[in-house]
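# got a sequence here, can you model it:
(one chain, ligands or ions: 1)
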Amino acid sequence: MPCPGTLPSQHEDRSVSKNTVSSQLEPDLLRGLPLHEALSAWGHHWRNDVTPMSYALSRPTNTFDGFLSHDWASSGWLKFLSLLIIFNSGAAFWSCLVVSVLVGILRGYGCLPDEHWTVAFGHFIYFFVFFFWQRLQMPCRHSRMMFLDKVCVAQHDDELKHKAIMGLAAFLLNSQELIVLLSSRYFTRLWCVFEIATFMKDPERRKRIRLMPLKSTVLLLLVSGCWYLLNIGFNTTKLVFWDYNSSETESSFVFETVAAIVSMFIFCFVLLPVAFYVGMEMSEDMEVMPQQLRNFRVQDAKCLCCSIDHRDPITGARLPCDREVLYATMKEWYGGDAAGGSRCKSHSVDS
Ligand SMILES: [Zn+2]
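This next block holds a predicted model:
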C-alpha cells in the first residue's frame, strides 16, 4: 500500500502479527469511502496530509466497488481529475449532447434568441455534470464504495493501522475492480506491486484491473483546453475586429476570416506543440512499458521502510520490514522459493 508510513514498529507484539498479509479482517476495520466523498472538496482527499478527521469519512462495508491503487508521490490533482474522467465524463458527454440539441430546437422555434451565446448552456452542463455527477445521483442510487488508503486505514492510530495493513488483502479480495492510477513510479513501489499481484493471481479477477495512465489525463485536458482556447480566441478576435469596424455588416465575412486565421495561428504554433510533446512522451512510456514489465523484478521495487534503513526518523526505534511480509505473502500465493523474504530473489510478478 503506497499510503504514507509503514508497518508500526510494535507490530511483532500485536495479536494479528504474522509473516503474511491476511485476507481476513475485523468487520469494523473493513471500511470504504463513498465515491462521491472521494471526489469531493476538489481533490482534497488526494493531498498528502493525513488527519484523524479523514478516517471518520469512511464507513464499514462488506464489499467494495473499486480499490483505488496509486503511488502517493504523483500529483493528487491529476489523480482526482483521472477519477472524474473515469466516473463522470460519460454522463457529462450525454448531458451536454441532450442540452445542446434542446437549445438548438428552442432556438429554431424562437423560444431562445438565435445567438451564439446560447451554446454556453451546453458547456455549463458539461462541467457541472463532470464535477458533480456522483452527488447528483445520490437521491436515486447508493454511492459506489471505494477503498482509498488514506481514509479507510486509521492513519492516526498505530494499532488500527497495523491491523488494517496486515489485512490489506481483505480489502483487495472484496473489491470488484482494481483501478490503477498509473504513473511512471507505480511499478517501483512495493505496495503497489502487491496490490496488482493480488488481482493477478486469479484469472477472473485479472480481467477486472483498470489502468488509467495519469499522462493520458494530462493529454485529454490539454487537447480539451486547446479547443476551448481556440474557441475563445476566435470569438475574442472577432469581437475586437468587429468593434473596430462597427456597423460594417457587409464585411463580417472578412473579419471572421481574420479572426479564424489569428486563432489558428495561436492554436497551431503555441498550443498544439505542447499537446504533441505530452502525447509523444506518453506514447514513448507506453511503448517501453511491455519491456519494463518483462524485465520487472519485485526485488527492484522500493518501500519506505528500506529507504530509511528500518529506523524511525523521529524516535530512532527499529522498524520491521514490509518487504519480508509482502514477499512471504506473494510466495504463498504464487509459489517459488519457500525461504524467507530476503531470499526471495528468483520471484517475479508476471503481467
Ligand atoms: Zn524494508
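
# from the ion, how far off is E332?
For E332, the distance to the ion (CB to the ion, to the nearest Å) stands at 19 Å. For every residue, glycine as well, the C-beta is placed using N, CA and C.

# quick one: the closest residue to that residue other than its chain neighbours and the ion, what's the gap?
Nearest residue to E332, sequence neighbours excluded (CB to CB, 6 or more residues apart in numbering): T20, at 5.6 Å. Distance, T20 to the ion, by CB to the ion: 16 Å.

# ok, now M289?
For M289, the distance to the ion (CB to the ion) stands at 26 Å.

# measure that residue to M264 for me?
35 Å (CB to CB, to the nearest Å).

# can you report phi and psi for the residue of the stretch 51-200 of the chain found nearest the ion?
Of all residues in the stretch 51-200 of the chain, L190 sits closest to the ion, at 8.4 Å by CB to the ion. L190 adopts backbone torsions of phi -60, psi -40, taken as degrees, to the nearest 10.

# thought it was touching E324?
No - counting by CB atoms under 8 Å, L190 stays clear of E324, with 10.9 Å between them.

# of these two, who's got more company?
Shown here are L190 and E324; by other CB atoms under 10 Å, L190 has more neighbours (23 against 17).

# contact partners for the more buried one?
Contacts for L190 were tallied using CB atoms under 8 Å, 6 or more residues apart in numbering; they are 298, 301-303, 322-323, 326.

# how about 7 Å then?
Applying CB atoms under 7 Å, 6 or more residues apart in numbering, we find L190 in contact with 301-303, 322-323, 326.

# mind picking the two most distant members of those residues?
The two members of the contacts of L190 with the most space between them (CB to CB) are K302 and L326, at 12.0 Å.

# and the two? which has more neighbours close in?
Neighbours per residue (other CB under 10 Å) separate K302 from L326, with L326 holding more: 24 against 14.

# near the ion, which residues of the stretch 201-350 of the chain?
Counting by CB under 5 Å from the ion, the residues of the stretch 201-350 of the chain close to the ion are 305-306, 321, 323.

# next, count neighbours for M286.
Per other CB under 10 Å, the neighbour tally for M286 reads 12.

# spatially central residue for the protein, please.
Note on the chain: the residue nearest the mean C-alpha position is K79, at 3.4 Å, using CA atoms, centre = their mean.

# isn't it right up against L68?
No - using CB atoms under 7 Å, K79 is not in contact with L68; the gap is 8.2 Å.

# anything in contact with each of those two?
With CB under 7 Å, 6+ apart, K79 and L68 have common neighbours L181.

# returning to what we had before: the residue nearest to the centre of the chain and P213: what is the separation?
K79 sits at a distance of 11 Å from P213 (criterion: CB to CB).

# show me the contacts for the residue nearest to E332.
T20 touches 325, 328-329, 332, counting by CB under 7 Å, 6+ apart.

# which helices and strands does the lowest-mean-pLDDT helix or strand in the chain pack with?
Here the helix or strand of the chain ranked lowest by mean pLDDT, DSSP states H and E is helix 252-266, holding a mean of 72. Secondary-structure packing of helix 252-266 (3 or more CB pairs under 7 Å, 6 or more residues apart in numbering; DSSP states H and E): helix 214-244.

# the helix it packs on packs against which elements?
Against helix 214-244 (3+ CB pairs under 7 Å, 6+ apart) you get helix 76-108, helix 252-266, helix 272-294.

# ok now that helix, how far from the chain's centre?
Taking CA atoms, centre = their mean, to the nearest Å, one finds the center of helix 214-244 at 26 Å from the center of the full chain.

# the inter-axis angle of that helix versus helix 76-108?
Using axes from the mean of the first three to the mean of the last three CA atoms, to 10 degrees, the direction of helix 214-244 lies 40 degrees away from that of helix 76-108.

# what kind of secondary structure is F296 in?
Classification of F296 using DSSP: H, G, I helix; E, B strand; the rest coil returns coil.

# for it, what are phi and psi?
Note on F296: backbone dihedrals following degrees, to the nearest 10 are phi -60, psi 130.

# and R189, by the same measure?
The phi/psi pair for R189 (degrees, to the nearest 10) reads phi -100, psi 130.

# beta partners of it?
On the basis of DSSP bridges, R189 is bridged to K302.

# check which residues of stretch 74-84 are buried.
Across stretch 74-84, burial judged by 16 or more other CB atoms under 10 Å covers 74-76, 78-84.

# pLDDT weak spots in the stretch 101-250 of the chain?
Counting by pLDDT under 70, the low-confidence segments of the stretch 101-250 of the chain come to 236-250.

# follow-up on the earlier one: now the residue of the stretch 51-200 of the chain closest to the ion: how far from C96?
42 Å.

# can you check G122 too?
Note on G122: its distance to C96, by CB to CB, is 5 Å.

# swap in P320?
For P320, the distance to C96 - CB to CB - is 52 Å.

# ok, N295 next?
Separation of N295 from C96 (CB to CB): 44 Å.

# neighbour count for those two, which is higher?
C96 (20 against 9).

# test my guess that the more buried one contacts Y126.
Yes - contact between C96 and Y126 holds when scored by CB under 7 Å: they sit 3.9 Å apart.

# could you confirm G316 falls within a strand?
No - under three-state DSSP, G316 sits outside any strand and is assigned coil.

# now for it, how many residues are close by?
7.

# cool, H36 as well?
Residues near H36, counting by other CB under 10 Å: 18.

# now name the helix or strand holding it.
Using DSSP states H and E, H36 maps to helix 35-38.
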